[in-house]
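**Q** Based on what follows, work out the 3D shape:
(chains A and B)
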Amino acid sequence: MSIGQLELVKSVSDTSVTSIDVTDAFTASYNLYHIIVQGHITTTNSLIDLRFLDSSDTAITSGYRYGHRLQQNTSGSEQNSTSATSIESIIYVNNGDTFASRFFVYNPFSNSDYTHLTLHSQGFTSSNITNTRGGGVLTTTDQVTGFTIFDATFSNIDIDVYGIKD
Amino acid sequence: MVDKSNEYGYVPSSPTQARGANTGIFEVNDVTDLLNAQQWSGTFGNLELIQTLTPSVHDTLAEFDTIHETTYDTHFLTVCNLGNVNGQAAMWIRFKEGGVLNSGTNYAYNYELLNQTNNTPYGSNATTYIQTVIRNEIGSNGYGVVWLYGLGNSSSYSVVTVHSGIGAQGHGGQGGGTFYSKSAVDGISIQPGNNYAFNPETVLSLYGVNTL
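**A** This is a model prediction of the structure:
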């Protein structure tokens, strides 16, 4: 395949769930991944979170740091943590409805580097338009093979994972 | 695709081709024809160029009327040298349904324009266009990219995310918007702001992300 090309690694969809696991998404074939997430939620005041999965498909629950800029309508605020159990607020959909999001994940499969994530998400309800820009890092050298998105009620969610050939 | 049925006397007809289900032996021209018809499977994950528009000076609209919304879940729009002949303006996006522009109050957007020292927020959750952070300043063109999600999905709103940079002023920004009509979008209309006209350098390229 051509260098620099995006190659579809995995597509996952589900309905009426409160979390979705994407296993076997990250391998030694790529160092950088582009992930597109689209869906709808029914939860109110939703700040959707992400955890990485280790090679046993077990969620890693410590060692996260993140910093985001959240904007609701024309009001902006920062959210950050240097000691978190997940990368929180990767998607912000105040009072639930449509969202779309795009992540890049860096070096997940390496067991000598931290796993980094950058994100840009957009959400919409009848009274609020929201967006999130920021990033986070898992400050352990676990070999990460997947991720889980959780902390909302998803009426539907579609995830496409692409590897970027280097 | 070019009909190959008369090329070889023993071939009764060309097999039906579709993305994810190509069959047969292909010449280079066949692949080119199928790519242009969005019928070639290609490599999943590729960005596939749908159309490039170079509006003429004083054009007030640039319109993508064929976007293959049933083929692609996600579209990608690049904006280079966005400028207009009237002065400073922010680019607008609106959508078409059944070939007809929706100019109703069905759009929402928000973004923050960033410079060296502060953020300036913009937004509306009930308006007639998605105003983007891709903007030109007087004497400096605008640049940016737009990701467009779910355009062909008639049971979902259409969502965009936007990143931009503006050369001479050192500005940038991120934001996005929503077209809150649950309908299949089949066209994209771009304006360089209200009642503004493009300059001749603007280049708009629309891509689809191959996932089929």
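
**Q** ok, which stretches of chain A are helices?
**A** Using DSSP state H, no helices are found in chain A.

**Q** my bad, should have said chain B
**A** Under DSSP H, chain B gives helices at B:28-36.

**Q** Does A:Ile91 touch A:His40 like I think?
**A** No: using Cβ atoms under 8 Å, A:Ile91 makes no contact with A:His40, being 11.5 Å away. Where you see a C-beta, it was placed from the backbone N, CA and C, and this is true even at glycine.

**Q** neighbour count winner among those two?
**A** A:Ile91 (26 against 19; other Cβ atoms under 10 Å in any protein chain shown).

**Q** ok, that one - contacts?
**A** A:37, A:46-48, A:99, A:101, A:121, A:123, A:132, A:149 (Cβ atoms under 8 Å, 6 or more residues apart in numbering or on different chains).

**Q** before we move on, what about A:Thr15?
**A** Counting by Cβ under 8 Å, 6+ apart, A:Thr15 has contacts A:154-157.

**Q** hmm, back to that, now list whatever residues contact both of A:Ile91 and A:His40.
**A** With Cβ under 8 Å, 6+ apart as the test, A:Ile91 and A:His40 both reach A:Phe99.

**Q** thinking again about what came up before, need the max-distance pair from the contacts of A:Thr15.
**A** A:Ser155 and A:Ile157 (8.3 Å; Cβ to Cβ).

**Q** Give me the buried stretch members for the helix or strand bottoming out on mean pLDDT in chain B, please.
**A** Least confident helix or strand, chain B: helix B:28-36 with a mean of 80, by mean pLDDT, DSSP states H and E. By 16 or more other Cβ atoms under 10 Å in any protein chain shown, the buried positions in helix B:28-36 come out as B:30, B:33-34.

**Q** Show me which of these is closest to chain A.
**A** B:Leu34 (18.6 Å; Cβ to the nearest Cβ).

**Q** Without its sequence neighbours, what residue ends up closest to the closest one?
**A** B:Trp40 (3.8 Å; Cβ to Cβ, 6 or more residues apart in numbering or on different chains).

**Q** so who does that neighbour touch?
**A** So B:Trp40 contacts B:17, B:19, B:22, B:31, B:34 (Cβ under 8 Å, 6+ apart).

**Q** any chance of those in CSV, plus distance to A:Asp142?
**A** As requested, the contacts of B:Trp40 are exported to CSV (distance: Cβ to Cβ, whole Å):
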residue, distance to A:Asp142
B:Gln17, 45
B:Arg19, 37
B:Asn22, 40
B:Val31, 43
B:Leu34, 43
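
**Q** Among these, give me the pair with the biggest separation.
**A** B:Arg19 and B:Val31, at 12.7 Å, using Cβ to Cβ across the contacts of B:Trp40.

**Q** coming back round to it: any idea how far the residue nearest to B:Leu34 lies from chain A?
**A** As for B:Trp40, its distance to chain A is 15 Å (criterion: Cβ to the nearest Cβ, to the nearest Å).

**Q** if we can go back for a sec, pull out the buried members of the contacts of A:Thr15.
**A** Buried, going by 16+ other Cβ under 10 Å: A:154, A:157, out of the contacts of A:Thr15.

**Q** Where strands are concerned, which of the contacts of A:Thr15 count?
**A** With DSSP state E as the criterion, strands contain A:154-157 from among the contacts of A:Thr15.

**Q** Would you mind reformatting the residues you listed (as TSV) and adding columns for pLDDT and distance to chain B while you're at it?
**A** Shown next, in TSV, are these (pLDDT from 0 to 100; distance: Cβ to the nearest Cβ, whole Å):
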residue	pLDDT	distance to chain B
A:Phe154	94	13
A:Ser155	93	10
A:Asn156	94	8
A:Ile157	95	12
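
**Q** Walking through chain A, point out its strands one by one.
**A** A:6-22, A:32-41, A:46-54, A:64-72, A:75-84, A:87-93, A:98-106, A:115-124, A:129-138, A:144-164.

**Q** no no, chain B
**A** With DSSP E as the criterion, chain B has strands spanning B:47-53, B:62-64, B:74-82, B:89-97, B:100-101, B:107-114, B:119-127, B:130-136, B:142-149, B:158-166, B:171-179, B:187-191, B:203-209.
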